[in-house]
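Chemist: below are the sequence and a predicted model; questions follow.
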Amino acid sequence: MKDHDAEGEDPTHWPERFDTSRWGLIAAYDGDRRVGGAVIAFQSAEVWMLEGRADLAALWDLRVLPQVRSMGIGSQLFHVVEDWARARGCGELKIETQNINVPANHFYGRMGCTLGGINRFAYPARPHEAQLLWFKDL
């Protein structure tokens, strides 16, 4: 498991680093309680994962509360992300994970994503972590 928030990468800091004006935000609720969400990076020049392409979206973040995992919420969020990206003319979705985030890697494989890149040296301060890039044709 990986906790980006604990490393100072929580969502409140994203607008300071990126143009989030065209990003998508999807939320999942159980009644009035928010149980999950997803963020899609789109047309944001400073996001290297987007490669400057207008037809590529990056699944920037997907979270589901631990107590409601394995109930299909993550899958539903992922499908809504796909629809959101397609509606904006994207033909591909890109996702970054790490080798130490085993549950996420299993999830993206189940969602039909293809592991298309491994960078063992992406995180110099964390030599035990490798960057994994997943792709999904839309």
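Modeler: Arrived safely, thanks for sending.
Chemist: tell me the secondary structure at residue 46.
Modeler: Classification of residue 46 using DSSP: H, G, I helix; E, B strand; the rest coil returns coil.
Chemist: so for it, what's the pLDDT?
Modeler: We have a pLDDT of 92 for residue 46.
Chemist: now do the strands in this protein.
Modeler: For the chain, the strands defined by DSSP state E occupy 24-30, 33-42, 56-64, 92-98, 114-119, 131-137.
Chemist: most packed of those?
Modeler: Of all these, strand 56-64 carries the top mean neighbour count, a mean of 23, counting by mean count of other C-beta atoms under 10 Å. For the C-beta atoms, the positions are set from N, CA and C on the backbone; glycine is no exception.
Chemist: from the chain's centre, how far out does it sit?
Modeler: Distance of strand 56-64 from the chain centroid (C-alpha atoms, centre = their mean, to the nearest Å) equals 2 Å.
Chemist: can you list the strands that it pairs with?
Modeler: Sheet pairing of strand 56-64 (DSSP bridges) gives strand 33-42 (antiparallel), strand 92-98 (parallel).
Chemist: and for that strand, what's in contact with it?
Modeler: 4, 11, 14, 23-24, 28, 35-42, 47, 49-50, 73-74, 77-78, 81, 84-85, 88, 90-96 (C-beta atoms under 8 Å, 6 or more residues apart in numbering).
Chemist: show me the longest helix that occurs in the protein.
Modeler: Counting by DSSP state H, the longest helix found in the chain is helix 73-87.
Chemist: which elements pack onto it?
Modeler: Here helix 73-87 touches strand 24-30, strand 33-42, strand 56-64, strand 92-98, helix 102-110, going by 3 or more C-beta pairs under 8 Å, 6 or more residues apart in numbering; DSSP states H and E.
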